[in-house]
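Peer 1: Predicted model and sequence below, questions to follow.
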Amino acid sequence: MKKGIRAHIIIAFWLICAGLAGTFSPLQAQQSLMSRNLRPTGHKENYGMNLLHFVHLYGGLGMIAGPSENEGGRIIYGVSLNPEVGGRYKLRVSRHHAFGADLSYTLYSYKISQKPGKTLPDTILHKAERFIFSKITLGIYHRYSFGRVGNYIGRFLDIGVYGDWIHYSDHYFRNRYDDGLVIRSHVSGLDYIRNFQYGAYMRFGITRYAFFARYRISDYFAPSAELPELPRFTMGIQVGLHKVN
């Protein structure tokens with residue numbers, strides 16, 4: 001795997017760890033209580049976790065799931081990953097409803113199975129092979145919050161749609177020969193890739209943690225390429241980088 005790609009996965013991992021560490025901060029409850037006590041009587045705020053506007057950063061890590069279109073495009077599950085980092089905006093419109101938008105950098109790394117019958121992108125078998133797509137993603141969603149109501153993020157369900165722009169695509173493969181020689185190759189800027197993608201997603205969250213499922217509706221490959229589609233589902237966890245009241 002390229003060093004840059006490994007770095008993106010490491011960044012997403014540490015962002016999630018930062019979110020987990022923030023959960024156990026002993027100062028959060030004291031700071032929250034102090035901020036409430038210092039507000040003057042009659043003061044109305046528009047910015048807060050469950051007020052009119054709220055913005056925060058988040059990190060996430062997903063795993064590619066679901067079947068490939070056919071055996072020619074099989075992947076290796078568990079090591080085909082989707083790290084992401086981004087920002088999220090929420091506009092509260094009523095007691096239990098809000099609308100919002102996500103803007104994120106996402107990386108999709110599909111490890112291709114090296115078994116007879118492979119046709120993606122050809123029939124040549126390698127020691128290892130991946131398709132890597134680096135994307136800028138914009139999503140819009142509707143949020144339904146349930147449970148207790150207050151200026152904090154409790155339990156919620158998001159349903160939304162998204163659009164991707166693939167700004168970098170890479171076909172990586174590695175071969176080891178009998179004399180011990182290892183050759184790693186990259187073919188970037190793949191001309192048979194559709195650079196604009198779209199799909200739908202759903203998130204279920206509790207405070208800063210959200211479990212998500214994403215489905216890609218569009219095809220990666222141009223019809224003229226006659227290639228089997230990669231799996232369309234991604235499932236994983238996102239961690240909001242904000243305090244928990």
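Peer 2: Looks like it came in fine.

Peer 1: where's the nearest residue to Lys118 once chain neighbours are set aside relative to Met235, distance?
Peer 2: Leaving aside its chain neighbours, Lys118 sits nearest to Gly72 (6.0 Å; criterion: Cβ to Cβ, 6 or more residues apart in numbering). Just so you know, the C-beta spots here come from the backbone N, C-alpha and C atoms, and that holds for glycine as well. Distance, Gly72 to Met235, by Cβ to Cβ, to the nearest Å: 24 Å.

Peer 1: now do His56
Peer 2: 22 Å.

Peer 1: just Ile75 next, same as before
Peer 2: Distance of Ile75 to Met235, given as Cβ to Cβ: 14 Å.

Peer 1: Helices along this structure, start to end?
Peer 2: 3-23, 28-37 (DSSP state H).

Peer 1: least reliable of the ones you listed going by mean pLDDT?
Peer 2: For the helices of the chain, mean pLDDT drops lowest on helix 28-37, to a mean of 38.

Peer 1: Apart from its neighbours in sequence, what residue is nearest Gly100?
Peer 2: The shortest distance from Gly100 to any non-neighbouring residue, by Cβ to Cβ, 6+ apart, is to Lys90 (4.1 Å).

Peer 1: Now for the one you found, how many residues are close by?
Peer 2: 24 (other Cβ atoms under 10 Å).

Peer 1: what sits against it?
Peer 2: Lys90 is in contact with 53-55, 98-100, 143, counting by Cβ atoms under 8 Å, 6 or more residues apart in numbering.

Peer 1: what bridges to it?
Peer 2: With DSSP bridges as the criterion, Lys90 is bridged to Phe54, Gly100.

Peer 1: average pLDDT across stretch 181-189?
Peer 2: The pLDDT scores in stretch 181-189 average 95.

Peer 1: Could you give the separation of it from the chain centroid?
Peer 2: Distance, stretch centre to chain centre, for stretch 181-189: 26 Å (Cα atoms, centre = their mean, to the nearest Å).

Peer 1: Likewise for stretch 107-124?
Peer 2: Computed by Cα atoms, centre = their mean, the chain-centroid distance of stretch 107-124 equals 22 Å.

Peer 1: Not counting its own residues, what contacts that stretch?
Peer 2: Contacts for stretch 107-124 (Cβ under 8 Å, 6+ apart): 1, 5, 8-9, 64, 71-76, 79-84, 125-135, 171, 192, 225, 227-228, 230-231, 234.

Peer 1: Sketch out the low-pLDDT regions of this structure for me.
Peer 2: For the chain, applying pLDDT under 70 flags the ranges 1-44, 148-150, 245.

Peer 1: show me the contacts for the residue nearest the centre of the chain.
Peer 2: In the chain, the C-alpha nearest the mean C-alpha coordinate belongs to Glu84, at 4.4 Å (Cα atoms, centre = their mean). Going by Cβ under 8 Å, 6+ apart, Glu84 touches 12, 59-62, 104-107, 137, 238.

Peer 1: Report the beta-bridge partners for it.
Peer 2: Gly60, Thr106.

Peer 1: returning to that earlier point: measure the residue nearest to Lys118 to Phe221 for me?
Peer 2: Counting by Cβ to Cβ - Gly72 and Phe221 are separated by 12 Å.

Peer 1: Can you show me the strands along the protein?
Peer 2: 53-65, 81-92, 97-111, 128-146, 155-176, 182-188, 196-206, 209-216, 233-241 (DSSP state E).

Peer 1: What is the shortest one packed up against?
Peer 2: The one in question is strand 182-188. If contacts are counted by 3 or more Cβ pairs under 8 Å, 6 or more residues apart in numbering; DSSP states H and E, strand 182-188 sits against strand 155-176.

Peer 1: got the angle between the strand it packs on and strand 182-188?
Peer 2: Strand 155-176 and strand 182-188 are oriented at 130 degrees to each other (axes from the mean of the first three to the mean of the last three Cα atoms, to 10 degrees).
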